[in-house]
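> one predicted model, sequence on top.
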Amino acid sequence: MRHKKNNSRKQETSTEYSFTVFFEPAAEGGYVVTCAALPGLVTEGDILAEAREMARDAIRAYLESLRKDGEAIPSDPKFVSAPVKEKISVAIPAYRPTEESTFLSFRGALRAEESLRLRVQT
């Protein structure tokens, strides 16, 4: 994170912050942008330039929200190496419904059906 004070003609002072962001190509096109230092920050853009601008806007809004709520602005983590991309496979056992889960599903379906009937009657 880099801090830099900027002075405008009106003598307003602002602080500049820098954060590392990740641009991940989206399956439908464009890029999804995340920032490790700012949990939950996710934005996107159709092209890289738009994704960068969206990231700036999202970070600015995130930091303003932290400031408004009286929370500290986090520092950008120092990555000791480049991010690693790899596939991880997992296996889960086949789903076998039990008598109880079948009953609960049936009971839920009956409730949904009854709820629809009540809405139609009113």
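Cool, got the structure.
> what's the weakest-modelled helix or strand in this protein?
strand 4-7 (a mean of 55; mean pLDDT, DSSP states H and E).
> tell me the helix or strand right after that one.
strand 13-16 (DSSP states H and E).
> which other helices and strands contact that next one?
Contacts defined by 3 or more C-beta pairs under 8 Å, 6 or more residues apart in numbering; DSSP states H and E place strand 13-16 against strand 4-7. Backbone N, C-alpha and C define where each C-beta goes, glycine included.
> so where is the protein shaky, pLDDT-wise?
1-11, 100-122 (pLDDT under 70).
> and the helices in it?
Using DSSP state H, the helices of the chain run over 48-68, 99-121.
> show me which positions of the shortest one end up buried.
In this case it means helix 48-68. 51, 54-55, 58-59, 62-63 (16 or more other C-beta atoms under 10 Å).
> other residues contacting that helix?
17, 19, 21, 23, 30-31, 33, 35, 38, 41-45, 72-73 (C-beta atoms under 8 Å, 6 or more residues apart in numbering).
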